[in-house]
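# sequence and predicted structure, then a few things I'm wondering about:
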Amino acid sequence: MNPDELLHRPITELASLIESGDAKPSEVLEAHIARIEGLDATINAFTRTTFDLAREQAERLNSELTGGNYRGPLHGIPVALKDLFDLEGHPTTAGSRILGKTAAGETAECVQRLIEAGAVIIGKTNLQEFARGGTGANSAFGPARNPWSLEHTPGGSSSGSAACVAAGMAAAALGSDTGGSVRLPASFCNLVGIRSTYGRVSRAGAVPLGLSFDNVGPLARTVEDAALILQAIAGPDPSDPTTGTGPAPDFLESLNEGVGGMTLGVPTNHFWPGEDTEAEAVVREAVARFEAMGAKIAKVEIPWARLGQVAYAATVGPEGAEYHRKFLENHRDGYVSPGADFFEYSLFIPGWRYVQAQKARTFFIRQAAEVFRKVDAVLTPTVAVAPPTIADCLDGMKMWPVVSDNTAAFSTIGNPVLQVPCGFTEARLPVGLQIAGRWGDEARLFRIGKALEDDNPLWRLLPPEVDEQPPPQPLPEDSPSTPQNAPETEAAAHVLAMAKTMGYAIDLDKIAPEALAQGVSNMLAGLEKLDDLDLDDCERAETLNLLEMDFDSIPPP
């Protein structure tokens with residue numbers, strides 16, 4: 001078989017070839033290695049390749065097949081890892097100059113489960129530094145590029161994971177999703193990605209961003225491929241207590257049953273800002289396809305959506321700041337601009353505001369339960385705009401709310417959300433549909449997504465080859481910002497006094513106190529929107545109980 005015929009294939013097709021003996025795991029691997037060697041100098045999807053390890057794994061899997069041992073549909077499938085998952089013997093950088101000095105001593109639990117299922121680990125992928133941001137433009141390794149258009153972002157923070165699958169350099173990839181970091185790049189690269197129910201997959205061995213939001217998920221070519229990978233990595237892990245004790249359900253049991261008789265909700269608020277009418281029109285056409293397939297379309301309101309970003313910042317901010325404090329004090333100039341800012345500002349979020357945000361999440365979870373009593377799932381644009389250019393994304397703080405507003409709304413409540421391709425703009429840029437579902441009900445989302453995919457199999461469309469596109473324009477080099485001398489304001493003096501009280505050592509050679517004060521002031525002002533909520537009967541403990549519940553104990557609405 002021509003090696004090129006092994007590229008851009010769904011896992012299910014590769015699995016059939018491998019199981020039948022028409023292709024060996026080593027042959028599938030070498031085809032993808034050749035693709036990486038030919039393309040990645042331009043796409044920049046990988047921070048590190050692991051070809052030696054992959055070849056060892058593939059040869060072992062060859063031998064197992066010869067001996068009659070077939071591990072299942074992931075046997076011999078090349079998979080890439082976002083470079084915030086530990087892989088024994090290899091450094092983990094999280095896209096930063098600060099990490100990666102030593103090799104990991106253990107392999108992340110989700111990665112180990114992939115390996116045990118037969119996956120071949122082909123490399124570690126680029127990402128927005130420390131997974132904080134939705135564009136992928138700010139990485140110590142430079143930005144990954146979108147195979148559909150080299151000038152455009154592949155989305156983030158799992159930028160390299162999406163780019164390598166879209167470019168045919170891996171059959172699938174593992175990403176993480178805190179505010180949208182699997183769904184965004186999957187949308188921008190014409191891929192399927194899922195943020196499963198919070199706690200479905202262990203985060204042990206992954207660099208954290210916000211522990212009460214962080215989620216592990218696959219990026220793949222088809223809905224079934226994504227379900228197969230989630231099936232392999234889901235389930236309890238004692239080292240991550242949020243995973244509970246109950247086994248994962250069969251995510252593929254109803255995959256091909258269609259949407260006839262379902263009620264699918266379409267929000268009347270928030271998710272359709274009107275900034276990109278072309279992208280919105282593509283999504284509305286996909287919604288109409290569901291109606292033609294026998295689903296009922298119902299208008300719904302998502303009342304918590306406008307505060308999704310606020311609750312995210314008030315929660316993920318302090319959780320991330322706790323992890324980053326030691327780096328901010330000792331290695332602040334190691335961050336890629338503007339990577340340090342969000343975490344540094346978040347150090348000044350008061351504890352009561354964090355608890356208030358967790359109470360707000362309880363309130364939102366209750367509101368969501370009411371919505372999902374009326375509908376089987378909710379359909380929205382994954383992102384309300386088409387992929388922006390990388391040049392427009394270099395200011396990561398500016399673009400984050402633009403690209404992640406729709407995804408963060410569902411991250412806040414912990415429910416599962418599936419991203420599926422739904423079309424293209426006239427400029428041939430991908431547009432994605434977000435399908436949000438009930439707690440613990442990933443199987444229904446896969447069923448809905450598969451119905452759309454069968455009706456319009458966009459995965460068969462491939463991006464133009466790199467040599468068919470104009471060479472990308474060079475981007476300005478990142479350099480640490482230099483503090484600007486300015487008269488010390490009262491606000492700056494107050495922030496410095498607060499930092500001293502907290503025991504946080506600010507290096508005035510690396511940050512101007514006036515800039516810090518302004519950033520802190522803006523963040524705290526934004527969080528005041530939470531004061532509009534009546535949270536007297538919402539306890540943070542209820543949120544934690546919801547996040548740790550046994551999936552099998554949840555009755556259907």
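Sure, I can see it.
# do you know how far the closest residue to Arg438 other than its chain neighbours is from Met293?
Leaving aside its chain neighbours, Arg438 sits nearest to Phe372 (4.6 Å; criterion: C-beta to C-beta, 6 or more residues apart in numbering). From N, CA and C alone the C-beta is placed, and that goes for glycine too. Using C-beta to C-beta, to the nearest Å, we find Phe372 at a distance of 21 Å from Met293.
# what's the following helix or strand after the helix or strand where Ile448 lies?
Using DSSP states H and E, Ile448 sits within helix 442-455. Counting by DSSP H and E, the next helix or strand C-terminal to helix 442-455 is helix 490-502.
# what ranges do the helices span in the stretch 51-200 of the chain?
Applying DSSP state H, counting those that start in this stretch to the stretch 51-200 of the chain gives helices spanning 51-66, 109-116, 159-166, 183-188.
# can you put those in JSON lines and add distance to Ile435, mean pLDDT and mean neighbour count?
Shown next, in JSON lines, are the helices of the stretch 51-200 of the chain (distance: least, C-beta to C-beta, whole Å; pLDDT from 0 to 100; neighbours: other C-beta atoms under 10 Å):
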{"stretch": "helix 51-66", "distance to Ile435": "33", "mean pLDDT": "99", "mean neighbour count": "16"}
{"stretch": "helix 109-116", "distance to Ile435": "23", "mean pLDDT": "99", "mean neighbour count": "21"}
{"stretch": "helix 159-166", "distance to Ile435": "18", "mean pLDDT": "99", "mean neighbour count": "36"}
{"stretch": "helix 183-188", "distance to Ile435": "10", "mean pLDDT": "98", "mean neighbour count": "36"}
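# Val201: which of those helices is closest?
Evaluated over the helices of the stretch 51-200 of the chain, closeness to Val201 peaks at helix 109-116, with 5.6 Å, by C-beta to C-beta.
# output the closest one as CSV, nothing but the C-alphas.
What follows is helix 109-116, C-alpha atoms only, in CSV (Å, rounded to 0.1, in the frame of the first residue of the first chain):
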residue,chain,number,x,y,z
GLU,A,109,-2.6,8.3,33.6
CYS,A,110,-4.6,9.2,30.4
VAL,A,111,-1.6,8.6,28.3
GLN,A,112,-0.8,5.3,29.9
ARG,A,113,-4.3,4.2,29.1
LEU,A,114,-3.9,5.1,25.5
ILE,A,115,-0.6,3.1,25.4
GLU,A,116,-2.3,0.1,27.0
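# for Tyr335, phi and psi?
phi -70, psi 150 (degrees, to the nearest 10).
# now the one 4 residues further on
Taking degrees, to the nearest 10, you get phi -60, psi -30 for the backbone angles of Gly339.
# ok, Leu418 next?
The phi/psi pair for Leu418 (degrees, to the nearest 10) is phi -110, psi 130.
# any idea of the pLDDT on it?
On the pLDDT scale, Leu418 is placed at 99.
# and if you look at the one 10 residues further on?
pLDDT, Arg428: 97.
# Arg71 against Ile115, yeah?
No - counting by C-beta atoms under 8 Å, Arg71 stays clear of Ile115, with 10.0 Å between them.
# returning to what we had before: quick one: which of Phe372 and Met293 has more around it?
More neighbours surround Phe372 than the other of Phe372 and Met293, with 22 against 16 (other C-beta atoms under 10 Å).
# now do the contacts for Glu426.
Shown in contact with Glu426 (C-beta atoms under 8 Å, 6 or more residues apart in numbering): Glu278.
# my guess is it is in a strand, correct?
No - the assignment for Glu426 (DSSP: H, G, I helix; E, B strand; the rest coil) gives coil, which keeps it out of a strand.
# distance of it relative to Asp276?
Taken as C-beta to C-beta, the span from Glu426 to Asp276 is 12 Å.
# check Pro387 too.
10 Å.
# show me which of those two is the more surrounded one.
Using other C-beta under 10 Å, the more surrounded residue of Pro387 and Asp276 is Pro387, with 29 against 17.
# return the residues in contact with the more buried one.
Asn146, Trp148, Ser149, His152, Thr153, Pro154, Gly155, Phe188, Leu429, Pro430.
# ok so, going back, and the helix holding Ile448, how far from the chain's centre?
In terms of C-alpha atoms, centre = their mean, to the nearest Å, the centre of helix 442-455 is found 19 Å from the chain centre.
# can you give me the buried ones in that helix?
For helix 442-455, the neighbour count (16 or more other C-beta atoms under 10 Å) marks Glu442, Ala443, Arg444, Leu445, Phe446, Arg447, Ile448, Gly449, Lys450, Ala451, Leu452, Glu453 as buried.
# Ser26: what secondary structure?
Per three-state DSSP, Ser26 ends up helix.
# any idea how far Leu462 is from the spatially closest residue to it that is not a sequence neighbour?
Distance criterion C-beta to C-beta, 6+ apart; nearest residue to Ser26, sequence neighbours excluded, is Ala58 at 4.3 Å. Distance, Ala58 to Leu462, by C-beta to C-beta: 25 Å.
# how long is stretch 343-354 end to end?
Using C-alpha to C-alpha, to the nearest Å, the end-to-end distance of stretch 343-354 comes out at 14 Å.
# the nearest residue to Gly235 once chain neighbours are set aside: neighbouring residues, count only.
In this structure, Gly235 finds its nearest non-sequential neighbour in Ala248, 4.5 Å apart by C-beta to C-beta, 6+ apart. A count of nearby residues for Ala248, using other C-beta under 10 Å, gives 21.
# Ala248 is in contact with Gln231, isn't it?
Yes - the pair Ala248 / Gln231 is scored as a contact, 6.9 Å apart, by C-beta under 8 Å.
# which stretches in the stretch 301-450 of the chain count as strands?
377-381, 417-424, 430-437 (DSSP state E, counting those that start in this stretch).
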